[in-house]
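Asker: starting from these lines, generate the structure:
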Amino acid sequence: MTAKFYPYILQFKRPAGTSRGVLHTKQTFILEIFDGEKEGIGECGLFRGLSYDDVPEYEQKLQWLCDNINEDAACLRHELIHFPSIWFGYEQAILNLKKGSDIYFKSEFTEGNSSIKTNGLIWMGDAKFMQDQIQEKLNKGFDCIKLKIGVDWPTEKEILKELRKKFPADQLELRVDANGGFSFEEARIVLQELAELEIHSIEQPMIAGSKFRDKSFGFRVSENDLGKKQPTTNNQQTTTISQQTIAELCADTPTPIALDEELIGVVDFEAKKELLDEIKPQYIILKPSLVGGIYGTDEWISLAEERHIGWWITSALESNIGLNAIAQYTFTKNPKIPQGLGTGGLFTNNFETKLYLEGDRLFYKK
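Answerer: Numbering: from 1, shown residues only. Down below sits the predicted model:
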């Protein structure tokens, strides 16, 4: 086999607001593996400022994979353990090489006979922009909506109040995603306010600070410098305190908490178990590009289900290549609740796709 990769810059149709700032472009990398006349394609969905593997040597490691593509998969995974998006791209390309066409996991989904229920994602912005998005989702038939919050909580809270006045909890499920936008004291207040509005869950209310991250990789995430790598030997107490406070929140929260960024960088199987046992979240959110691809996501799901912790899978601004693979994989996990998958409609220059939405159901056009 031979392999090659190339970078690709996705252009947003309009700026995408999050609590981390506004996104205009999204860089990703496409991996192609060749075996004779057969070709497999995958996406290494690096997320700058968030991915565990957002490091200067990223492309060097991708080239290493291409140079060593014929090595045993177990050896490759050992080498790529700290590069979850590259490993996931490799998993995709190998599966696609075997299945052909646009297929990664053949199922009733790829036969066009079944679908995946999704939530409608509402991006941050001014009140009118968010309300317009919400109305569009409601018009399309979504009964589960997720709102990005954490920039202007008073305004965001009023939007949630208005929604709840119109639609009771048994008609409309509301999820919120803070992306670590609140301090501990702020989070305690927000959790109570969300409970009064019968909100389904909040993703990552506080900044991630997991003591379970592989310290040999040498970084921590601080509230003031999200996504930038710093030596773990400095200010280690900050990370430990953050770990304790998120566990405290989960132990006594009136609104279910879903961990997201907290899982990033936790690559050791025993560390994953310890994290879930210590924090005891109500849910975990799994982005395959960020948590080790299919292999890593399977581990998290297995551990969560053993502990009766809920889960759902979301994409992480991948192109339609990665999104297609994630959707096909998600269907095989028999999801019970709405998943966080789209159709790549955020970008002006995305790849063609067979994925499409009918209402809130994601289908694959055979």
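
Asker: report the helix or strand with the lowest average pLDDT across the chain.
Answerer: Lowest on mean pLDDT, DSSP states H and E among the helices and strands of the chain sits helix 236-251, with a mean of 69.

Asker: next SSE downstream of that helix?
Answerer: Following helix 236-251 in sequence order, the next helix or strand is strand 257-259 (DSSP states H and E).

Asker: by contact count, what packs against that following strand?
Answerer: Counting contacts by 3 or more C-beta pairs under 8 Å, 6 or more residues apart in numbering; DSSP states H and E, strand 257-259 packs against strand 201-203, helix 236-251, strand 283-286. To be clear about C-beta, it is placed using only N, CA and C from the backbone, and glycine gets the same treatment.

Asker: let's see it at 7 Å
Answerer: strand 201-203, strand 283-286 (3 or more C-beta pairs under 7 Å, 6 or more residues apart in numbering; DSSP states H and E).

Asker: just send these back as TSV, with distance to residue 195, mean neighbour count and mean pLDDT too.
Answerer: Below are those laid out as TSV (distance: least, C-beta to C-beta, whole Å; neighbours: other C-beta atoms under 10 Å; pLDDT from 0 to 100):
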stretch	distance to residue 195	mean neighbour count	mean pLDDT
strand 201-203	10	24	96
strand 283-286	15	24	98
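
Asker: out of the ones you listed, which comes closest to residue 55?
Answerer: strand 283-286 (22.0 Å; C-beta to C-beta).

Asker: ok, and what's touching that closest one?
Answerer: Under the contact criterion C-beta atoms under 7 Å, 6 or more residues apart in numbering, strand 283-286 has outside partners 201, 203, 256, 258-260, 263, 297, 300, 304, 309-314.

Asker: picking that back up, make JSON lines from the helices and strands packed on strand 257-259 and add distance to residue 164 to it.
Answerer: Converted to JSON lines, the helices and strands packed on strand 257-259 look like this (distance: least, C-beta to C-beta, whole Å):
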{"stretch": "strand 201-203", "distance to residue 164": "15"}
{"stretch": "strand 283-286", "distance to residue 164": "20"}
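
Asker: tell me which of the ones you listed sits nearest to residue 44.
Answerer: Per C-beta to C-beta, nearest to residue 44 of the helices and strands packed on strand 257-259: strand 283-286, 17.4 Å.

Asker: distance between the helix or strand just after that closest one and the chain's centre?
Answerer: Following strand 283-286 in sequence order, the next helix or strand is helix 288-291 (DSSP H and E). Counting by C-alpha atoms, centre = their mean, to the nearest Å, helix 288-291 is centred 7 Å from the centre of its parent chain.

Asker: same deal with stretch 68-77?
Answerer: Relative to the centre of its chain, stretch 68-77 is centred 26 Å away, using C-alpha atoms, centre = their mean.

Asker: and stretch 273-291, by the same measure?
Answerer: On C-alpha atoms, centre = their mean, the centre of stretch 273-291 falls 12 Å from that of its chain.

Asker: what does stretch 98-115 give?
Answerer: That offset, for stretch 98-115, works out to 22 Å (C-alpha atoms, centre = their mean).

Asker: may I see the buried residues of it?
Answerer: By neighbour count on 16 or more other C-beta atoms under 10 Å, the buried set for stretch 98-115 is 102-105, 109-110, 115.

Asker: what about that stretch, start to end distance?
Answerer: Stretch 98-115 has an end-to-end distance of 23 Å (criterion: C-alpha to C-alpha, to the nearest Å).

Asker: thinking again about what came up before, which one of the buried residues of stretch 98-115 is nearest to residue 326?
Answerer: Among the buried residues of stretch 98-115, and counting by C-beta to C-beta, the member closest to residue 326 is residue 104, at 9.0 Å.

Asker: could you tell me whether that closest one really is in a strand?
Answerer: No. Counting by DSSP: H, G, I helix; E, B strand; the rest coil, residue 104 is located in no strand; its state is coil.

Asker: ok, now how distant is it from residue 304?
Answerer: In this view, residue 104 and residue 304 are 23 Å apart by C-beta to C-beta, to the nearest Å.

Asker: cool, residue 152 as well?
Answerer: 32 Å.

Asker: settle it for me: which of those two has more neighbours?
Answerer: Remark: of residue 152 and residue 304, residue 304 carries more neighbours, 19 against 15, as counted by other C-beta atoms under 10 Å.

Asker: is the nearest residue to residue 333 once chain neighbours are set aside in a helix, a strand, or coil?
Answerer: What sits nearest to residue 333 in space, not counting adjacent residues and going by C-beta to C-beta, 6 or more residues apart in numbering, is residue 301, at 6.3 Å. What three-state DSSP gives for residue 301 is helix.

Asker: need the phi and psi values for residue 256.
Answerer: Dihedral pair for residue 256: phi -50, psi 140, per degrees, to the nearest 10.

Asker: tally of neighbours for it?
Answerer: Using other C-beta under 10 Å, residue 256 has 18 other residues around it.

Asker: perfect, I'm done here.
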